[in-house]
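Participant: okay, here's the prediction I keep looking at, along with the sequence it came from:
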Amino acid sequence: MITPLKTLQDWQFSDYSRCFKKGKWLILATTLAGWTATDIYMQRIPNEYEAVAKIRIDSTRSNPTQFRESTSFFVDEGNFLATEMKMITSPLVLERVVQDYNLTLFPQFQNAENPSSVLEGMIKAAVVYKTNLIELTATGDDPHLVALVANSVADTYVGLNLEEQQKQATGGVEWLHAEIGKMEEKVVAARLALQEFIEQYGNIDFSEGQQNTTIQNLKDYNDALIGTEKELIDAAPQYLEKHPVVQGLKTRREELRQRIADAEQGILQMRRLSIQYDALKKEVDTLQEVHGVLFTRLNELSVEEGLTTNNVKVVSYAGVPEAPSAPDRRGAAARGGAVGMFLGMALAVATESTRKTVSSQQDFDALFQIPFLGYVPAVPRQILKIHPGRGRLFSDAPAAFTESVRSVRATLEFFLPDRPSAAILVTSALPGEGKSFLAANLSMALCELGKKPLLLDADLRRPSVHRILGTRQMPGLSDYLERGADLEGLFQSIRVTKEAAGKMDILPAGQVEGSPVDLLASEKFVSLLETLKSRYDYVIIDTPPVAPVIDSIVMMRSADAAIFVVRSGRTDREAAVRAKKRLVEVGEAKLLFGILNRHREEQESRYYQYYHYGPRARKKASP
């Protein structure tokens, strides 16, 4: 069962950074694609020009039907300006503009069924924040036309507003004439009613003095009545009821009571008539006053009718725009590039999170759980040349590659400290992972250190060591195992570097006629391996990949250790895990190490920074 790798939810910043560095070409490609596609699309969009005129609208204006100099019709300034904006773009204004300025002569209006609707699409009105200014913005593909439209709409609206106010002033004069005529009729009627009242009740004094006299008489009658009542009370013990004195007092009492009743009735009638008189008098005075105010306002309005002021004014006219306002091609292209970049980043993350290859030490450790010797970067083959009798390492390879091979060499020696000699098998899961090239360079790195290595090409099916090092393929190992050739005549030697005096021995594969696996499984091969170990410090064995054939499994039992080479970003995880399992379970590998080969430097930039450490002029490591 394959050990699961880190899920996307477990990713940290370093994981995203490594992912983006790894997918930088994809991100760059999607960024350029987004930029280019957006730019091409934006080039097809015609230029659009914009012209702006500004008008000022005061919310107060003179009102001919009011009796103040000016008044505000709108308490809410925002609603007032919103209403005016609607009026500016109303059909009444736009149709007048089309007619007065002959806009139908322009191509944009010639074929339109409703030119005012075309004009409505070109003009927009907006309030300038916290002011009573309105901006009229005209847009279109003709710079002269948009300037004409903005200015003509502004002038037309101002003119129509002035016409409306003049109509209101004229209508106010007519209304006042009518109201004055009605008021004169009411004044005459009120005067006639007052005159009829006076003629009907002319013998009644409504003055305040007369009312006070009547009230005083009523008080005197009440006092006299009280005195008479007292005298009757005093006369009762002295006289009989029919006595002339008693009868006289009673007669006087009745007279006083009658006078009091008559006086009270007179006071009530006087007050009622006085109220009616005052009401009629007040109505006459009020109507006369209103008549005078209306007549005064009529005289004022007759003068003001020719001096009507406009509460709308053009603040600034639009000029002919010199440069287009839209489209924003640079901004759109930049946004397209940004979208492409984010798409590339998303694709890089999706690719990395769903990939089935091994591309980092974290992946390697999670999958194989074997000692990791290190990374080996890819080497451009075009910078390496085959020199007969000399290898392809230190003289030509970049410093990062040579130093990484030295690091692998040092780590390998750390794990094999006390062995006088060791047979190390180099294999991989699948073909094309660079195991042969790595085996050859590891052998040369050991030779550089002063060790005595032998590079044994045991890949009898597809040998490649001779091509890598520029040596002969035959005779070789197969000749010894299959045809009994003399071992001493099979070795070849190469110089590791131009400066080094030491040489490295190679035992090539030769030409196989029979079954390679039978030759490698034979006792003769096992005996040969022991002989070679006695003569060399290291026997580096290049073997076939594990997945296609069983050759490496057979040789694993005779080797002291094995290096499992995995090509970064290419080797299938499932195939690599199965190959490693076969080496351990079937091949009974004693020691199994791992290398991540052809690893791109940007994938683990911090890992390779050490190899570039040193003077800037130094381009290659010293051998």
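Facilitator: Right, received. Where do you want to start?

Participant: what about the protein, any weak spots by pLDDT?
Facilitator: Counting by pLDDT under 70, the chain contains low-confidence residues at 1-8, 60-78, 168-174, 202-211, 301-309, 380-396, 497-502, 601-623.

Participant: spatially central residue for it, please.
Facilitator: The centroid of the chain falls nearest to Arg335 when counting by CA atoms, centre = their mean (11.0 Å).

Participant: would you agree it is in contact with Thr38?
Facilitator: Yes: between Arg335 and Thr38 there is a contact under CB atoms under 8 Å: 7.1 Å. All C-beta atoms are positioned from the backbone trio N, CA, C, and that covers glycine.

Participant: my guess is Val584 contacts Leu591, does it?
Facilitator: No: look at Val584 against Leu591 with CB under 8 Å: they stay out of range, at 10.7 Å.

Participant: quick check: Ile424 is in a strand.
Facilitator: Yes: membership of Ile424 in a strand is supported by DSSP: H, G, I helix; E, B strand; the rest coil.

Participant: could you pull up the residues touching the residue nearest to the centre of the chain?
Facilitator: When contacts are counted by CB atoms under 8 Å, 6 or more residues apart in numbering, Arg335 touches Thr38.

Participant: tell me which helix or strand it sits in.
Facilitator: For Arg335, the host element (DSSP states H and E) is helix 329-354.

Participant: in that helix, which residues are buried?
Facilitator: For helix 329-354, the neighbour count (16 or more other CB atoms under 10 Å) marks 329, 332-333, 336-337, 339-341, 343-345, 348-349, 352 as buried.

Participant: just name the closest of those to Tyr538, please.
Facilitator: Taking CB to CB as the measure, Tyr538 lies nearest Glu352 of the buried residues of helix 329-354, at 37.1 Å.

Participant: give me the element the closest residue in space to the closest one that isn't next to it in sequence is part of.
Facilitator: In this structure, Glu352 finds its nearest non-sequential neighbour in Cys19, 4.4 Å apart by CB to CB, 6 or more residues apart in numbering. Cys19 is part of helix 13-22 when elements are defined by DSSP H and E.

Participant: what angle sits between that helix and helix 329-354?
Facilitator: Angle of helix 13-22 versus helix 329-354, following axes from the mean of the first three to the mean of the last three CA atoms, to 10 degrees, is 110 degrees.

Participant: what residues of helix 13-22 count as buried?
Facilitator: Asp15, Arg18, Cys19, Phe20, Lys21, Lys22.

Participant: need these in a markdown table with distance to Val153, can you?
Facilitator: Below are these laid out as a markdown table (distance: CB to CB, whole Å):
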| residue | distance to Val153 |
| --- | --- |
| Asp15 | 60 |
| Arg18 | 60 |
| Cys19 | 56 |
| Phe20 | 53 |
| Lys21 | 57 |
| Lys22 | 59 |
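
Participant: strands along the stretch 451-600 of the chain, start to end?
Facilitator: 453-457, 492-495, 503-507, 538-542, 561-567, 592-599 (DSSP state E, counting those that start in this stretch).

Participant: OK, contacts around Glu433?
Facilitator: Applying CB under 8 Å, 6+ apart, one finds that Glu433 lies in contact with Pro545, Val565, Val566, Arg567, Arg570, Thr571, Asn597, Arg598.

Participant: can I assume the second one is in contact with Ser436?
Facilitator: No: look at Val565 against Ser436 with CB under 8 Å: they stay out of range, at 9.3 Å.

Participant: can you list residues touching both of the two?
Facilitator: Contact criterion CB under 8 Å, 6+ apart; residues bridging Val565 and Ser436 by contacting each: Val426.

Participant: the residue nearest to Ala224 when sequence neighbours are not counted - how many residues pack around it?
Facilitator: Of all residues not flanking Ala224 in the chain, Leu256 sits nearest, at 5.3 Å (CB to CB, 6+ apart). Per other CB atoms under 10 Å, the neighbour tally for Leu256 reads 20.

Participant: dump the strands of the stretch 451-600 of the chain to TSV, plus distance to Ala576.
Facilitator: Listed next are the strands of the stretch 451-600 of the chain as TSV, based on distance: least, CB to CB, whole Å:
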stretch	distance to Ala576
strand 453-457	23
strand 492-495	31
strand 503-507	28
strand 538-542	18
strand 561-567	6
strand 592-599	10
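
Participant: thanks a lot, catch you later.
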